[in-house]
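Asks: Predicted model, plus sequence, below.
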Amino acid sequence: MSNDRVYNFSAGPSMLPLSVLEKAASELTNYRGSGQSVMEMSHRSKLYLSIFEEIKSDFKRIFKVPDTHEILFMQGGATFQFGAVPLNLIGKTGKADYAITGNFSKIACKEATKYGEINVAADSGDRNHTYIPSQSELKLSPDASYFHYCANNTIYGTEWKYVPETNGVPIVCDMSSNIMSKPVDVSKYGIIYAGVQKNMAPAGMAVVVIDKSLAGNELPITPKIMSYKIAIDKDSMDNTPPCYTIYMLGLVLKWLDEQGGTEGMAKIKTKKAGILYDVLDSSRLFIPIADKEARSDMNVTFRTGSDELDAKFVKEATEAGFVNIKGHRLAGGMRASIYNAMPMEGVEKLADFMRAFEKNN
Ligand SMILES: Cc1ncc(COP(=O)(O)O)c(C=O)c1O
């Protein structure tokens, strides 16, 4: 890696691949001889539409999106989807099921209560979200319009290792912090959405992959900008889309291809997470926060048991070039977010640093 760059373990926005940033820089003022930046292009221009179409087709291929589903680019991040999902879907029966396994699923659930009757299918808050409920622990309603869960809990460092069985109730999943880290069977989902600022692009939008048969039933109060039906009909261009963020996603998708797509990424992320969990499991100082079976391969959370030592670790790590490693205040301790763009070398060096810190403390 270019030696003036730090290893950024931020939970998001987070690292982008250096080659992507360099490519963007090289095309910044003059996109491939067009004499203009992608930032300056009309979203209706032939040139931008060709960029847009290629990105959608790359996304469809890499994420293996079946023809039943549409890919949408929507502004407002994942939080926008917390409102859009119930507004578009809950009208079917007036009810929905939510699994609460962390802060963001809790917020999503709270937002949905404005629009219908919500059943909390599971809540891991009894053990500060350190585990993921099993299938048999989910209290699902047969008449729910949909079941919502968050695939990876960014703050607590837990990840669902199975796709819940809902007996025909459409599944809606927030994949903000683990999308594109492994292959996903999209056909099992009604909707997958993700804020892009961790594994896909700079902040500014969410990607929504939606089963087209679910669109068109929104509550009458649904703002036009939130309607999945309109977004599908207008190919994400009912208003000006975040053109440059979409372009950046396109560069990241080309980089993903070079890593072997989601299959290649899955091997890499398993190896990276394994390096850090091995350090934690063999340590007498560091304590992993999440239960072993629920551990996230994207956000590795740990602590020492002493607030002072945690603070010392964060301080010394920062000085050594491992930045943004302090845990979220809700979970405490430390969190190393090792999304797709975090190089293997960054993880190996952090592991060495952790072992040395343990020896000295
Ligand atoms: C899993 C998850 N969902 C939702 C959000 C909220 O995303 P946004 O800030 O794009 O609204 C985050 C942000 O970190 C997240 O990690």
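Replies: Received the coordinates, thanks.

Asks: how about the strands in the stretch 251-361 of the chain?
Replies: Ranges of strands within the stretch 251-361 of the chain are 287-288, 299-303, 322-323, 334-337, based on DSSP state E, counting those that start in this stretch.

Asks: helices or strands next to the first one in the packing?
Replies: Which is strand 287-288. Judged by 3 or more C-beta pairs under 8 Å, 6 or more residues apart in numbering; DSSP states H and E, strand 287-288 is in contact with helix 261-281, strand 299-303. In this view, the C-beta of every residue, glycine as well, is placed from N, C-alpha and C.

Asks: Looking at the strands of the stretch 251-361 of the chain, which is nearest to V252?
Replies: Closest approach to V252 among those (C-beta to C-beta): strand 334-337, 16.3 Å.

Asks: Packing partners of that closest one?
Replies: strand 299-303, helix 307-319.

Asks: Could you check the angle the shortest one makes with helix 307-319?
Replies: Following axes from the mean of the first three to the mean of the last three C-alpha atoms, to 10 degrees, one obtains 130 degrees for the angle between strand 299-303 and helix 307-319.

Asks: Between helix 261-281 and strand 299-303, find me the angle.
Replies: 10 degrees.

Asks: shouldn't G195 be in contact with Q75?
Replies: No. Counting by C-beta atoms under 8 Å, G195 stays clear of Q75, with 10.7 Å between them.

Asks: and the residue of the stretch 101-250 of the chain found nearest the ligand, what pLDDT?
Replies: Here the stretch 101-250 of the chain gets closest to the ligand at one residue, G195, 2.9 Å apart by C-beta to the nearest ligand atom. With respect to pLDDT, G195 scores 98.

Asks: Report how many residues lie close to it.
Replies: Each residue near G195 was counted by other C-beta atoms under 10 Å, and the total is 28.

Asks: what sits opposite it in the beta ladder?
Replies: A206 (DSSP bridges).

Asks: Tell me the residues of the chain that contact the ligand?
Replies: 12, 77-79, 104, 150, 154, 174, 176-177, 195 (C-beta under 6 Å from any ligand atom).

Asks: let's see it at 5 Å
Replies: Residues of the chain found near the ligand (C-beta under 5 Å from any ligand atom) are 12, 77-79, 104, 154, 174, 176-177, 195.

Asks: Buried members of the residues you listed into PyMOL, please.
Replies: In PyMOL syntax, the buried subset of the residues of the chain next to the ligand is picked out as below (16 or more other C-beta atoms under 10 Å):
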select buried, resi 12+77+78+104+154+174+176+177+195
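
Asks: Let's see which of the residues of the chain next to the ligand end up in helices.
Replies: 77-79, 104 (DSSP state H).

Asks: which outside residues touch stretch 108-119?
Replies: Here stretch 108-119 makes contact (C-beta atoms under 8 Å, 6 or more residues apart in numbering) with 81-83, 85-87, 90-91, 94-98, 100, 120, 139, 141, 144-145, 148, 150, 174, 219.

Asks: Endpoint to endpoint, that stretch covers what distance?
Replies: 13 Å (C-alpha to C-alpha, to the nearest Å).

Asks: Give me the buried stretch members for that stretch, please.
Replies: 108-109, 111-112, 115-116, 118.

Asks: In TSV, list the strands of the stretch 251-361 of the chain along with mean neighbour count and mean pLDDT.
Replies: Listed next are these as TSV, based on neighbours: other C-beta atoms under 10 Å; pLDDT from 0 to 100:
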stretch	mean neighbour count	mean pLDDT
strand 287-288	16	98
strand 299-303	26	98
strand 322-323	18	97
strand 334-337	25	98
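
Asks: Take these and lay them out in CSV including distance to A206.
Replies: Compiled in CSV, these are given as follows (distance: least, C-beta to C-beta, whole Å):
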stretch, distance to A206
strand 287-288, 30
strand 299-303, 19
strand 322-323, 26
strand 334-337, 18
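
Asks: looking at the ones you listed, which is closest to K188?
Replies: Comparing the strands of the stretch 251-361 of the chain by C-beta to C-beta, strand 299-303 comes nearest, at 23.4 Å.

Asks: Strand partners (parallel or antiparallel) of that closest one?
Replies: By DSSP bridges, strand 299-303 pairs with strand 287-288 (antiparallel), strand 334-337 (antiparallel).

Asks: So which residues make contact with it?
Replies: 11, 152-157, 177, 273, 276-277, 280, 286-290, 310, 327, 331-338.

Asks: how close does the residue of the stretch 101-250 of the chain closest to the ligand sit to V252?
Replies: 14 Å (C-beta to C-beta, to the nearest Å).

Asks: Check N324 too.
Replies: 20 Å.

Asks: okay, the two: which has more neighbours?
Replies: V252 (24 against 19).

Asks: Next up, the contacts around the closest residue to K182 other than its chain neighbours.
Replies: Nearest non-adjacent residue to K182, counting by C-beta to C-beta, 6 or more residues apart in numbering: A266, 3.9 Å away. Going by C-beta under 8 Å, 6+ apart, A266 touches 181-183.

Asks: Can you pull the domain assignment for the chain?
Replies: Using automatic domain parsing, the domain parsing of the chain gives 22-257, 260-360.

Asks: between those domains, which gets nearest to V6?
Replies: domain 260-360 (4.8 Å).

Asks: and the helix or strand containing I192, how far from the chain's centre?
Replies: Using DSSP states H and E, the element containing I192 is strand 191-195. Remark: strand 191-195 is offset 8 Å from the chain centroid, using C-alpha atoms, centre = their mean, to the nearest Å.

Asks: quick one: K110 is in a strand?
Replies: No. Assessed with DSSP: H, G, I helix; E, B strand; the rest coil, K110 is helix; it does not lie in a strand.
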